[in-house]
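>>> Curious how this folds, go ahead:
(one chain, ligands or ions: 1)
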Amino acid sequence: MKSTYRVVVIGGGVVGASVLYHLTKKGWRDVALIERLELTSGSTWHAAGGMHTVNGDPNVAKLQQYSINLYKEIEEISGQSVGLHMTEGLMLAATPARYEWLKNIHSKGRYMGMQTELISLDEAERLLPLMDKSQFIGAMYDPIQGHVDPNGTTYAFTGAARKAGAEVFTHTRVLDTRQRADGYWDVLTDKGNIVAEHVVNCGGLWAREMGRLVGLELPILAMEHQYLITEDMPEVVAINRDTGKMVMHVVDFDGEIYMRQERNGMLLGTYERNGVPWSPKDTPWDFGPTLLPDALDRISDNLEVGFRHFPPFQKAGIKQLVNGPFTFAPDGNPLVGPIKGLRNYWVACGVMAGFSQGGGVGLALSNWMVDGDPGFDVWAMDVARYGDWATRAYTRAKVVENYGRRFRVRFPNEELPAGRPLRTVPLHHQWLSMGAVMGDNWGLESPLWFAPPGVKDEFSFHRSTDFVHVKAECQAVRNAVGISDISSFAKYQVSGAGAHAWLSRVLANKMPKTGRLMLAPMLNERGKLIGDFTVAKAADDLFYVFGSGAAEKYHMRWFDQHLPADGSVAVKALGMDLVGLSIAGPRARDVLAALTDSDVSNQGMRFMDFRASIEVGWVQAMVGRISFTGDLGYEIWVRPEQQVALFNALWEAGQAYGMRPFGSRALLSLAREKGFGTWAREYRPIYGPFEAGLGRFVDLGKTDFIGRTAAAAERDGATKRQRVGFVVEADDADAIGDEAVWKDGAVVGWITSGGYCHHVECSYATGYVDSASIATDADAGNWEIEILGERRRARLQYEPLFDPKGSRMLS
Ligand SMILES: Cc1cc2nc3c(=O)[nH]c(=O)nc-3n(C[C@H](O)[C@H](O)[C@H](O)COP(=O)(O)OP(=O)(O)OC[C@H]3O[C@@H](n4cnc5c(N)ncnc54)[C@H](O)[C@@H]3O)c2cc1C
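Numbers count the residues shown, from 1 in each chain. Predicted coordinates:
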């Protein structure tokens, strides 16, 4: 072992091995992996090795596709077999809701080039004679599924990395990681110390413990997981004989079961509903490659369903039961990326499907380390998606919930209850008393809609119980005035002599004058969208910046990395130190005017004006004339202890003008009518600002801002795709996001979000299509959006459906 390496990867499970390999593939040779026992000694060695490309997030699905395609490559380079069996797969649905979910997944897969097929039950039974087709109502075939040998795969990754110069040290434990004054890392091991430029925490079951060494409490928890292996089954042997193939990989969602062939029998695993955490606080260092005690009783209900769905199992003997732990983040996706405030400290952990995702995680992380950018849209697995509010107890509640629901349908209007309420606004109880149905906005309770007594959300892929009530909220805004809570936005204070110049460099638009607002995208060096903000200038050296609440940590990490070293700029995330209310609608000005002696007339406070401090009722507030509803509106910001007083004043004054509360579902419906996009849907790091329709907010007249060169090239070149809007001839289900867009029988794009526009009364969807599909006569041809398996006619909608001239915002 040398005393210095450019990178030390901690952990020799499949994830660490993949990171090591990908770093060498990117050309970094001076890299070492350190493993406390033999490779695979965490959760990797006893994994079932199953893999598939299906994931709720298409960007993660894409990385899963990459992982699977990688296996031949590492086998060839290393000479080590990964034991690859591409058996193909079947996904089975026993309930209508699950079948609708499969249809959704199928539609999503189309634009990613996945070749899934919805097949008849007769066909399914032909492919999988083990099933009793009378137990199911639908099936999807996926040609890209199978399994690998976990050990072989890990050794193939490290073998390929070694051939490129990487070093691997087993039976060496990292005891501590300490950042030095020069920014390098002292990595202390029981076999000697190393100085490294970068440290990567791939500690798997011990990633939490490794994180704690640097003051991090990573939101991950290990769960016990069981699968059984049967004795030889004559039916399996018969399938092999008759088809010349192995039995297919199977996911039976309603049985909460996955299975594949293992020798001449079957391996059957299950996610029980009442899952059991393993080592919730500290993972013991003396835990080696050992199994946990069997707990057959915990999975007996699932097995009963399995035996009914797949009758040959009733006669099969159980040869072995495997119970082992592996880690999850609260939402089940990996935690990957750099850590704010810890230069060159990286994590790749919480990877619950190492054999579907390990390759993609290694690729994204190595791109990030070498090029400064993951190269893909990794928002769904970025470690920055969780804030400090994700405590150990919260993580436990969410992971247990997620594990128990692993194979259950999550409806688009379904909010999950565990770990809530965690963060609340001062008006929380007020909103509840008014009937608010709350949503979980990254740990913060926010009103989704307001329900009359006795009415609640019925979970569905179709329009549901909230439909008429959300409509009434929208009408109140469009015809009178509505009030809503906007505390869930992220708010940043940027101050200092260098604030203006710095913001002008990190954001793509020009900065506003004092007392004005400006919309400004943020781009990375590749000219892709990594943020979308409203900037308010309060004074020469003081700005307030508003953005997506879910992305606060993600954006703070970027701000931090780009702050000047001379201390001329300070950026502070205000979090819940600043909370807000929005009033919107044609009577909004009347309400505000009744509560302030400041001039808020159309001339006194114009559209996009900002007042850093005016009295509203009894309180001092910051007020911006802007509204995401696309109507006349104001965003009013106060300290948390003043939110109740602000609400009382606005509500009381609002009664004369027909004020109603409105939630985020109404807000999104209203914004949709204006064609406005949102962060993490329309605006993500895979899109450029011009293709996203934000080109008018990019000031190429500025000589210097991050991403300028790439943005100029995007404007001047031919973009491959373009964001467009559609009015959809939907039935009682609207597009929600990720549906395929068809033109003349070919898939030419995908939907990023959609829903019903309650004021203009139509179904609308927006998304990205190949530029070629709209290059000539865009209106010609037959456009369709695939919703729940049916292709619905659609027409392109160029202008906002509501108030295309923007007169409501301006007047
Ligand atoms: C029963 C079971 C079945 C599964 N089936 C599947 C499946 O079918 N498909 C699938 O994709 N996934 C499956 N998984 C999940 C899969 O095992 C994990 O996704 C994967 O193993 C995660 O790999 P990892 O490298 O992140 O973590 P780990 O495998 O836990 O590796 C971490 C490594 O880091 C080492 N380490 C930690 N701290 C230190 C230190 N301080 N110094 C040195 N070394 C250290 C550990 O010894 C360990 O080897 C299954 C898991 C279980 C338990």
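
>>> State the pLDDT value of the residue in the stretch 101-250 of the chain positioned nearest to the ligand.
Across the stretch 101-250 of the chain, no residue is closer to the ligand than residue 204, which sits at 2.1 Å (C-beta to the nearest ligand atom). Just so you know, the C-beta spots here come from the backbone N, C-alpha and C atoms, and that holds for glycine as well. You'll see residue 204 listed with a pLDDT of 98.

>>> do the same with the one 10 residues further on
The predicted local confidence for residue 214 comes out at a pLDDT of 98.

>>> Residue 289 and residue 43 touch, don't they?
No: taking contacts as C-beta atoms under 8 Å, residue 289 lies outside contact range of residue 43: 9.9 Å.

>>> quick one, what contacts the residue in the chain sticking out farthest from the centre?
Centroid-distance maximum for the chain: residue 597 at 44.4 Å, with C-alpha atoms, centre = their mean. Counting by C-beta atoms under 8 Å, 6 or more residues apart in numbering, residue 597 touches residue 615.

>>> helix/strand/coil for it?
Following DSSP: H, G, I helix; E, B strand; the rest coil, residue 597 is assigned to coil.

>>> if I look at it, how far off is residue 219?
Spatial separation of residue 597 from residue 219 under the definition C-beta to C-beta, to the nearest Å is 48 Å.

>>> State which helix of the chain is the longest.
As assigned by DSSP state H, the longest helix anywhere in the chain is helix 58-78.

>>> CA atoms only for the following helix or strand past it, dumped as PDB, please.
Following helix 58-78 in sequence order, the next helix or strand is strand 89-93 (DSSP states H and E). C-alpha atoms of strand 89-93 as PDB (Å, rounded to 0.1, in the frame of the first residue of the first chain):
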ATOM      1  CA  GLY A  89     -38.700 -11.400 -17.500                       C
ATOM      2  CA  LEU A  90     -42.400 -11.200 -16.800                       C
ATOM      3  CA  MET A  91     -44.200  -8.700 -14.600                       C
ATOM      4  CA  LEU A  92     -47.600  -9.800 -13.400                       C
ATOM      5  CA  ALA A  93     -50.600  -7.900 -12.200                       C
END
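
>>> wait, does strand 89-93 make contact with the ligand?
No: Strand 89-93 does not reach the ligand (C-beta under 6 Å from any ligand atom); its nearest approach is 12.1 Å.

>>> Which other helices and strands does that strand contact?
Applying 3 or more C-beta pairs under 8 Å, 6 or more residues apart in numbering; DSSP states H and E, we find strand 89-93 packed against helix 96-111, helix 121-127, strand 138-142, strand 249-252.

>>> and residue 448, which of the ones you listed is closest to it?
Comparison of these against residue 448 by C-beta to C-beta identifies helix 96-111 as nearest, at 20.4 Å.

>>> Which strands or helices does that closest one pack on?
Judged by 3+ C-beta pairs under 8 Å, 6+ apart, helix 96-111 is in contact with helix 58-78, strand 89-93, strand 117-119, strand 138-142, strand 740-743, strand 746-757, strand 783-787.

>>> For residue 481, find the nearest of those.
strand 746-757 (19.5 Å).

>>> Can you give the contact residues for the helix or strand just after that closest one?
Downstream of strand 746-757, the first helix or strand assigned by DSSP H and E is strand 762-770. Strand 762-770 is contacted by residues 672-673, 675, 677, 682, 687, 691, 720-730, 734-735, 739, 741, 743, 748-757, 785, 794, 797, 801 when judged by C-beta under 8 Å, 6+ apart.

>>> what's the angle from strand 762-770 to helix 96-111?
Computed by axes from the mean of the first three to the mean of the last three C-alpha atoms, to 10 degrees, the angle separating strand 762-770 from helix 96-111 equals 30 degrees.

>>> So what angle separates the directions of strand 762-770 and strand 783-787?
Orientation check (the same axes, to 10 degrees): strand 762-770 against strand 783-787 gives 110 degrees.
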